[in-house]
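[1] turn this into a structure:
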Amino acid sequence: MAVTVLLADDREMIRRSIRRMLEDESRIHVVAEAESFHFAVERARSHRPQVVVMDLNMPFRNHVTARDVKSQLASLVPRLFAISFAIDADSKLLAEACGARLLLDKTLLPDQLVPAILGSAASA
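    Numbers count the residues shown, from 1 in each chain. Purely as a prediction, here's the structure:
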């Protein structure tokens, strides 16, 4: 059975690139995409994905707090992975405050995302 994934990033090009990357792996199925935090919550409720891959900065562009992310999104899904171009101490703290299990560098997603998703499913 495939691991179900919701992609949440405010940039369509990023979502499309990640979707293409994940579609090459038969053990992963992208069930929905979201261009905002609010749509991510809505689609997580309706699709019940096992993993949400979310741009770390997307919610905060719309004045959503880390507490909101943790209570509204991270509480709905077994695994929340944050992705960002900036991986520093502040980003790591923010990802942790959001309830993310992992923070991945967007530039390294081709090498890291599929193993992270499959590894998290195996350890669940």
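[2] beyond the helix or strand hosting residue 22, next helix or strand please.
    Here residue 22 sits within helix 12-23, counting by DSSP states H and E. Per DSSP H and E, the first helix or strand lying C-terminal to helix 12-23 is strand 28-34.
[3] related to what we said a few turns ago, by how many degrees do the helix holding residue 22 and strand 28-34 diverge?
    160 degrees (axes from the mean of the first three to the mean of the last three CA atoms, to 10 degrees).
[4] mind checking how far residue 3 is from residue 15?
    17 Å (CB to CB, to the nearest Å). Yep, even glycine has a C-beta here, placed from its N, CA and C like the rest.
[5] thinking again about what came up before, CA atoms of the helix holding residue 22 as CSV?
    Provided in CSV are the C-alpha atoms of helix 12-23 (Å, rounded to 0.1, in the frame of the first residue of the first chain):
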residue,chain,number,x,y,z
GLU,A,12,2.9,26.0,-7.9
MET,A,13,6.2,25.4,-9.6
ILE,A,14,7.6,23.9,-6.3
ARG,A,15,4.5,21.7,-5.8
ARG,A,16,4.6,20.5,-9.4
SER,A,17,8.4,19.7,-9.1
ILE,A,18,7.9,17.7,-5.9
ARG,A,19,4.8,15.9,-7.3
ARG,A,20,6.8,14.8,-10.4
MET,A,21,9.6,13.6,-8.1
LEU,A,22,7.2,11.6,-5.9
GLU,A,23,5.2,10.2,-8.8
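[6] can you point out the buried residues in it?
    Buried residues in helix 12-23, counted by 16 or more other CB atoms under 10 Å: 14-15, 17-18, 22.
[7] can you list contacts of it?
    By CB atoms under 8 Å, 6 or more residues apart in numbering, the residues outside helix 12-23 that reach it are 5, 7, 9, 28, 30, 33, 35, 53, 55, 106, 109-110, 113-114, 117.
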